[in-house]
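Participant: Got a sequence here, can you build the structure:
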Amino acid sequence: MSKKNKDIEVRIEETQKKINGETITINTLMIGKKEIGQVVPQDSKKFAVVIDNRNEATVKTLDEAIEYIIRQWNLND
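Facilitator: Predicted structure coming up:
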């Protein structure tokens, strides 16, 4: 018997945080009320992927960061 795929809604919420005296927009990925990861912009068009308060990876685009977080969530769920 095969498992049926079900659609899961992933929301991206933007929040402002002050880091080192500079206000930065952080994108938080949410499934329901659960936070699955954050994308923090870094210098010169790079993004840090943060999962469970750990810096997991550095990627070149926001899309890559979002895909990385969803891929990790799928592997660990």
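
Participant: and the gap between Ile69 and Ile51?
Facilitator: Distance, Ile69 to Ile51, using Cβ to Cβ, to the nearest Å: 6 Å. C-beta: built from backbone N, CA, C; applies to glycine.

Participant: joint contacts of those two?
Facilitator: Ile36, Gly37 (Cβ atoms under 8 Å, 6 or more residues apart in numbering).

Participant: Which of these two has more residues huddled nearby?
Facilitator: Ile69 (24 against 18; other Cβ atoms under 10 Å).

Participant: ok, the more buried one touching Ile36?
Facilitator: Yes: judged on Cβ atoms under 8 Å, Ile69 makes contact with Ile36 at a distance of 5.9 Å.

Participant: Quickly list what's touching both of the two.
Facilitator: With Cβ under 8 Å, 6+ apart as the test, Ile69 and Ile36 both reach Leu29, Ile51.

Participant: If you count neighbours, what's buried in stretch 13-23?
Facilitator: Judged by neighbour count (16 or more other Cβ atoms under 10 Å), stretch 13-23 contains no buried residues.

Participant: An error on my part: the question was meant for stretch 45-54.
Facilitator: Phe47, Ala48, Val49, Val50, Ile51.

Participant: how long is stretch 4-17 from one end to the other?
Facilitator: 40 Å (Cα to Cα, to the nearest Å).
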